[in-house]
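Peer 1: Sequence first, then the predicted structure:
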Amino acid sequence: MNDNEERPVTIITGRVWRRKGGKSEGVHVMLVAPDDDSAVRTALEALAKEGYAEAELDQIGDMQGEPDEEPHLSAWQGALEGEVSIVTFKESV
């Protein structure tokens, strides 16, 4: 990839906890980063800044195009604009 190409939106999936030993939530973090290591580091910093005490990240990958539905569509757009977008949801048991 050369410097003139737009970088893809990276998505990182996992779980987060507001407090240690508390109830977990599913999380999708979307951002644009130069590499996977930078993406993970930036995601963890953003989650800590938002008040999450713990995070367990499972998968990382590049998104293939624009999502179809909210809230992921807005998160994807935010990532393209330079934000670290965090989508949380209740995990299915």
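Peer 2: Ah, there it is. Numbering: from 1, shown residues only.

Peer 1: State the distance from residue 28 to residue 86.
Peer 2: Applying C-beta to C-beta, to the nearest Å, the value for residue 28 to residue 86 is 8 Å. Where you see a C-beta, it was placed from the backbone N, CA and C, and this is true even at glycine.

Peer 1: measure residue 88 to residue 19 for me?
Peer 2: If you measure residue 88 against residue 19 using C-beta to C-beta, the figure is 14 Å.

Peer 1: pLDDT at residue 6, what is it?
Peer 2: What the model reports for residue 6 is a pLDDT of 77.

Peer 1: what number of residues lie near residue 65?
Peer 2: Other residues lying near residue 65 total 8 when counted by other C-beta atoms under 10 Å.

Peer 1: And residue 88 and residue 19? Which one has more around it.
Peer 2: residue 88 (18 against 10).

Peer 1: In three-state terms, label the more buried one for me.
Peer 2: Assigned with DSSP: H, G, I helix; E, B strand; the rest coil, residue 88 falls in the strand class.

Peer 1: before we move on, what about residue 20?
Peer 2: Secondary structure of residue 20, reduced to three states by three-state DSSP: coil.

Peer 1: The spatially closest residue to it that is not a sequence neighbour: neighbouring residues, count only.
Peer 2: Take residue 20 and drop its neighbours on the chain: the residue closest to it by C-beta to C-beta, 6 or more residues apart in numbering is residue 53, 5.2 Å away. Counted with other C-beta under 10 Å, residues neighbouring residue 53 total 13.
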